[in-house]
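Trainee: coords please:
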Amino acid sequence: MKTERRKYAKYALIFAGVAALTSLVLGLIYQNFSLPVQIGLGLTALGLAGAIILDPGTLKQLMSGRQAKYGSNTLVLTVAVLGILVIVNLVGYNNTVRWDLTEDKTNSLADETQAVLDSLDINVKAEAYFSMLMSRETANTLLQNYKANSDGKFDYEFIDPNENPLAADEAGITRDGSIVLRAGTAKEVVTFVNEEEITSAILRLKSPETKRIYVLTGHGEPEFTGNEALNYATAARELEAKNYSINTLNLLASNSIPDDAQVLLITGPQKPLSQNEVDLIETFIAQGGSLLVMYEPSILTEFGEQEDPLATYLSETWNIGFGDDMVIDITANPVTTAVAANFGSHPVTEKLNSMVSVLPTSRSLVIGTSSGFAPSMLVATTDQSWAETNFEALQNNEVGYDEGADQLGPINLALAAEDTNTGSRVIAFGDAEFPNNAQYQYYGNSDLFLNTIDWLSGQDEMISLTARTQTTRILVPPNRYVQNAILLGSVVLIPALIIMAAIIVFVKRHREV
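Mentor: Residues are numbered from 1 along each chain as shown. As a prediction, the model looks like this:
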């Protein structure tokens, strides 16, 4: 009977060992004292208790014999070493010291960023919305650098928008890999995860001024509310998440532009503005306001042969002209879709060089030649496109390039101009659909629209970080003979020496016996 109990005691001990190993593995995976780890430790304790109950004699022998003496010494030394390791880790955790040993300080924040963190008088919390499909490594390293150098003023956490959709919706997150920075009730959204964007967002949080946008109505423009495909509700949510306030404005009714207006949006009017409205807009811009105009091709509007005072003003004052045509791009499907594959050198587009934008129906934009402002090209098509002027052929699906009548690509799709004296800024697009609910998430459309609003409201380039000198390192592999020598030494020579040493020790001890 005693032998049978001892056998079961052995099984209980094995069970305890398996449970302890499982607890260790789970602890390493979850990195916390989670419920599975607690259950594993409980099962370990039960297994040990069962082994003692089933075979108390063996435990007594172990505790009183020579093995217990040496075992207790080993236990004391083990506990002492573990205690030292725990103390060292606690001291290290509470007194973080980081060294950047890279030659070009790749893992250090720029001096400008450090100055911003040193001057922080607010607590900033970053919420990084990254799903399991998006790599967190770069963002985690960068945010950890901010936290380590902020003297407790900066903290962060990662949130999976798929697991916590309510938090993502409340934060206004519409894309994976975005970071929301909060300070009190103010927040800023960063969609390009880099040091310059995060530092600029922190600067904006230090002066949390709501940026007021007014959207012109009364001419058949799509709305910034509602989930209809042609409306701009998705874009509006992202703008509001970036601390913009969106307001509607009917100049035909109010006959004035509010004093707090910073940016005026004219998005896809179906009928032309009146001369009185354009006069008010001209005064607004002359006093430092900014304007975004997004026109559709005239064939898709009700402009007809009516005069367009706004187009006349933009052409005569800003050298921005709208072509009476529709862009045809044979690389797209359908061909009336204009693919924005070329981007100009401008703050709006400098981060879009690895993307494309899709403008469903666009007209061309023309840079004027009169004296005054020199607009910058923001977006253009490839040379596999042209500006079709034969609207009858368009309606009959019989388009074709007509030399002399049609302009051959690249075709300008967006232009920007700035008055450095007044701070006024103007951007014009030949398409009004690319930021609507149906098109907003396609490729670089959302980034193009948000960057446009940021530039018009003066939120571009708030901080310019000192460029680091990159150190180029080239690994020169050893020649074939050296590679063979390394292989021989690591695979053959070292194992052979270990085996020989083991044989010598075995023979020596055997002779002594």
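Trainee: CA atoms for contacts and neighbours, from now on please.
Mentor: Noted.
Trainee: if I pick the closest residue to residue 445 other than its chain neighbours, what's in contact with it?
Mentor: Counting by Cα to Cα, 6 or more residues apart in numbering, residue 445 lies nearest to residue 357, which is 5.1 Å off, once chain neighbours are set aside. Taking Cα atoms under 8 Å, 6 or more residues apart in numbering, we find residue 357 in contact with 339-341, 442-445, 448.
Trainee: which one of these sits closest to residue 17?
Mentor: Among the contacts of residue 357, residue 443 lies closest to residue 17 (Cα to Cα), at 53.7 Å.
Trainee: what about that closest one, neighbour count?
Mentor: By the criterion of other Cα atoms under 10 Å, residue 443 has 13 neighbours.
Trainee: pretty sure it is in a helix, no?
Mentor: No. Residue 443: not assigned to a helix; according to DSSP: H, G, I helix; E, B strand; the rest coil it is coil.
Trainee: Got the domain ranges for the chain?
Mentor: Taking automatic domain parsing as the criterion, the chain consists of the domains 2-94, 111-201, 211-456, 475-513.
Trainee: tell me the most buried of those?
Mentor: Of those, the one with the most neighbours on average (mean count of other Cα atoms under 10 Å) is domain 211-456, at a mean of 19.
Trainee: these two touch, right, residue 19 and residue 40?
Mentor: Yes. Assessed by Cα atoms under 8 Å, residue 19 is found in contact with residue 40 at 5.3 Å.
Trainee: As JSON lines, the domains of the chain with mean pLDDT would be great.
Mentor: Conversion of those to JSON lines gives the following (pLDDT from 0 to 100):
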{"stretch": "domain 2-94", "mean pLDDT": "68"}
{"stretch": "domain 111-201", "mean pLDDT": "90"}
{"stretch": "domain 211-456", "mean pLDDT": "93"}
{"stretch": "domain 475-513", "mean pLDDT": "75"}
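Trainee: what's the strand or helix carrying residue 43 in contact with?
Mentor: Element membership of residue 43, judged by DSSP states H and E, is helix 35-54. By Cα under 8 Å, 6+ apart, the residues outside helix 35-54 that reach it are 5-6, 8-20, 22-24, 26-27, 59.
Trainee: Please apply the same query to stretch 297-311.
Mentor: With contact meaning Cα under 8 Å, 6+ apart, stretch 297-311 is reached by 269-275, 278, 321-322, 324-326, 361-363, 391, 430-431.
Trainee: cutoff 6 Å now
Mentor: With Cα atoms under 6 Å, 6 or more residues apart in numbering as the test, stretch 297-311 has contacts from 270-272, 275, 278, 326, 362-363.
Trainee: which pair in those residues spans the largest distance?
Mentor: Across the contacts of stretch 297-311, no pair lies farther apart than 275 and 326, at 25.8 Å, counting by Cα to Cα.
Trainee: So which residues of the stretch 351-500 of the chain form strands?
Mentor: 357-359, 365-367, 376-380, 385-388, 407-408, 412-419, 424-429 (DSSP state E, counting those that start in this stretch).
Trainee: Please identify which of these is closest to residue 314.
Mentor: Between residue 314 and those, the shortest gap by Cα to Cα is with strand 424-429, which sits at 8.9 Å.
Trainee: partner strands of that closest one, parallel or antiparallel?
Mentor: Note on strand 424-429: by DSSP bridges, its sheet partners are strand 290-294 (parallel), strand 412-419 (antiparallel).
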